[in-house]
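S.K.: Could you look at this predicted model? Sequence included:
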Amino acid sequence: GEVSATPEPNESEYLSPVSIGGQTLNLDFDTGSADLWVFSTSLSSSSIGQHAAFDPSKSSTWEDYPGASWQIMYGDGSGASGTVGFDVVEIGGATASRQAVEIATKVSSSFVSDENNDGLLGLGFSKINTIEPQPQKTFFESILPKLDQPVFTADLEDDAAGTYEFGRIDTTKYTGTLHVTPVDSSNGFWEFASTAYSIGGTTYQNSGASTAIADTGTSLLLVDDNVAQAFYAQVQGSQLSRTAGGYVYPCSAQVPDFGVQIGSSGFIATIPGSDITFAEVGQGTCFGGVQGNGGGGIQIFGDVLLKQYFAVFNGGNESFGIAAK
Ligand SMILES: CC1CCN(C(=N)N)CC1
Ligand SMILES: CC1CCN(C(=N)N)CC1
């Protein structure tokens, strides 16, 4: 069967309503991780704040996973940890009848203050699931065998709500060719080759990091440091600001189009220069949506790129595809 969940966009994430044991929480769908974890009634009331908190004692289908635990840290230093059980998880019509659900007994301050998400739903590969003693399947891996097509799609928008669909590719959601590249899931990510980039329509070979991951859980587009440097060399008045944590420039600056290759063959996915500014940081200074990855070997293609396209994550043949929309 096919389903759809409409995530509510927020400045840093896309949230979708998920039913767990009959309780609905708004979870942040994250293709860069593989844990499904939720705020729970085990947290202190000050940590829970305005969040929805899952209460296993009120679910008639909850099953404990005695002795199991989990602990996760995210790229931005945030993190959470806790205990584990199994329950019925339903998203827009698709149901995983015995899905591992990670109960948070500790969450870092950025999650407490991030009023919008009541937890995360990892859509990466379960080899990076953090449950001990045994990693458990993601929601997508749980429902994969039942889906008409072994895929999920992400249609992220900037100000309107985006949509995740499981089990079908809605061909009315995109135009032209779906550009597909093989994925190497050995690091647990939707990872593919990316060795070229473009600035203002001119293509260059990337001598640094040669792969990238499609990551709905990251807001920015984090490219090889040399590529970020080359890009901002073409933005008048830009500078790398330690206080801002990356490249900033006058909001009045002319920003060129920027593109990154998807796969080793050819397609360069392009972001119009007018869509590259991520935030105003005050005094007429803007923070760029394109930033360096800090020297890691992997580039992280987050929402700044993904929201320009319709994205197809194929768990059957392990591939990633994008198309114009
Ligand atoms: C490689 C990193 C990318 C950002 N992360 C994430 N979306 N959960 C963490 C892993
Ligand atoms: C994967 C990301 C989800 C959003 N995050 C957060 N609210 N602290 C960071 C990690």
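M.R.: Ah, there it is. Numbers count the residues shown, from 1 in each chain. Ligands and ions are numbered 1, 2, ... in the order given.
S.K.: what about A214, how many residues close to it?
M.R.: Per other C-beta atoms under 10 Å, the neighbour tally for A214 reads 29. Where you see a C-beta, it was placed from the backbone N, CA and C, and this is true even at glycine.
S.K.: Which secondary structure element of the protein has the lowest mean pLDDT?
M.R.: When the helices and strands of the chain are compared on mean pLDDT, DSSP states H and E, strand 8-9 comes out lowest with a mean of 46.
S.K.: what's the offset of the helix or strand following that strand from the middle of its chain?
M.R.: On the C-terminal side of strand 8-9, the closest following helix or strand by DSSP states H and E is strand 14-20. Computed by C-alpha atoms, centre = their mean, to the nearest Å, the separation of strand 14-20 from the middle of its chain amounts to 14 Å.
S.K.: same thing with stretch 143-158?
M.R.: The chain centre lies 14 Å from the centre of stretch 143-158; the measure is C-alpha atoms, centre = their mean.
S.K.: Check stretch 81-98 too.
M.R.: For stretch 81-98, the gap between its own C-alpha mean and the chain's C-alpha mean amounts to 19 Å (C-alpha atoms, centre = their mean).
S.K.: the helices in the stretch 51-200 of the chain, which residues?
M.R.: Secondary structure of the stretch 51-200 of the chain (DSSP state H, counting those that start in this stretch): helices at 109-113, 139-143.
S.K.: just the ones you listed: most buried one?
M.R.: Using mean count of other C-beta atoms under 10 Å, the stretch among the helices of the stretch 51-200 of the chain with the largest mean neighbour count is helix 139-143, at a mean of 24.
S.K.: Now do that helix: everything it contacts.
M.R.: Under the criterion C-beta atoms under 8 Å, 6 or more residues apart in numbering, residues 36, 89, 91, 94-96, 98-99, 121, 123, 125-126, 152, 166-167, 313, 315 lie in contact with helix 139-143.
S.K.: Convert that helix to CSV, retaining C-alpha atoms only.
M.R.: Taking Å, rounded to 0.1, in the frame of the first residue of the first chain, the C-alpha atoms of helix 139-143 are listed here in CSV:
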residue,chain,number,x,y,z
PHE,A,139,10.3,2.0,10.0
PHE,A,140,11.1,1.9,6.3
GLU,A,141,13.0,-1.4,6.6
SER,A,142,10.0,-2.8,8.6
ILE,A,143,7.4,-2.0,6.0
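S.K.: what's the spacing between that helix and its chain's center?
M.R.: 17 Å.
S.K.: What of stretch 173-187?
M.R.: Averaged over its C-alpha atoms, stretch 173-187 has a centre that lies 15 Å from its chain's centre (C-alpha atoms, centre = their mean).
S.K.: Could I get the average pLDDT for it?
M.R.: The predicted model assigns stretch 173-187 a mean pLDDT of 97.
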